[in-house]
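In: just coords:
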């Protein structure tokens, strides 16, 4: 995203605007990353409580050294499993198939779609306002978005724009982008703004 956005800024001679957009983007990205773990607090607390409660139940029946050993084993297992889940999620990110999977996971997918759509519209706005051709701006917007299959969508968008297909028509076809954008873009096409 950053490389495509800086390239757009160089092409359009608007690097200052690009850097402002990048700082706003990373501010939003930071807020999103801080918000992602919040829904996980409750399950993590419950898992810890289950381990503690099982130790307390066991303590009523056996000696404290054995309870302590079992408690530490369970806690270690809990953290090893958590770490392994983290590693699998990180490794899965390099696979287009798995990135498509994460887009379908309710909370994570919504956050990713929002970030990708923000990247798409930011690059499109920046390049178009700087005088880059709309077909080129659409292609660059897809390449910068981060969507799975973005190169194919970039080629499709550039080709359709060169064939004089309205951007609002294309946005209606692209299920990755928010539905209401086509209305806003159609209004802009009609008004010339």
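Out: Received, thanks. Predicted model only: the values in this text are computed from it and were never measured.
In: Read off the pLDDT value for the most far-flung residue of the chain relative to its centre.
Out: The outermost residue of the chain, judged against the average C-alpha position, is residue 63 (49.5 Å), by Cα atoms, centre = their mean. pLDDT recorded at residue 63 is 89.
In: Number of residues surrounding residue 112?
Out: As a burial measure, residue 112 scores 17 neighbours (other Cβ atoms under 10 Å). In this view, the C-beta of every residue, glycine as well, is placed from N, C-alpha and C.
In: How much space separates the closest residue in space to it that isn't next to it in sequence from residue 10?
Out: Leaving aside its sequence neighbours, residue 112 sits nearest to residue 103 (Cβ to Cβ, 6 or more residues apart in numbering; 5.7 Å). As for residue 103, its distance to residue 10 is 30 Å (criterion: Cβ to Cβ, to the nearest Å).
In: need the longest helix for the protein.
Out: helix 64-92 (DSSP state H).
In: which secondary structure elements does that one contact?
Out: When contacts are defined as 3 or more Cβ pairs under 8 Å, 6 or more residues apart in numbering; DSSP states H and E, helix 64-92 packs onto helix 38-59, helix 96-104.
In: need the least confident one among these, by mean pLDDT.
Out: Lowest mean pLDDT within those: helix 96-104, a mean of 83.
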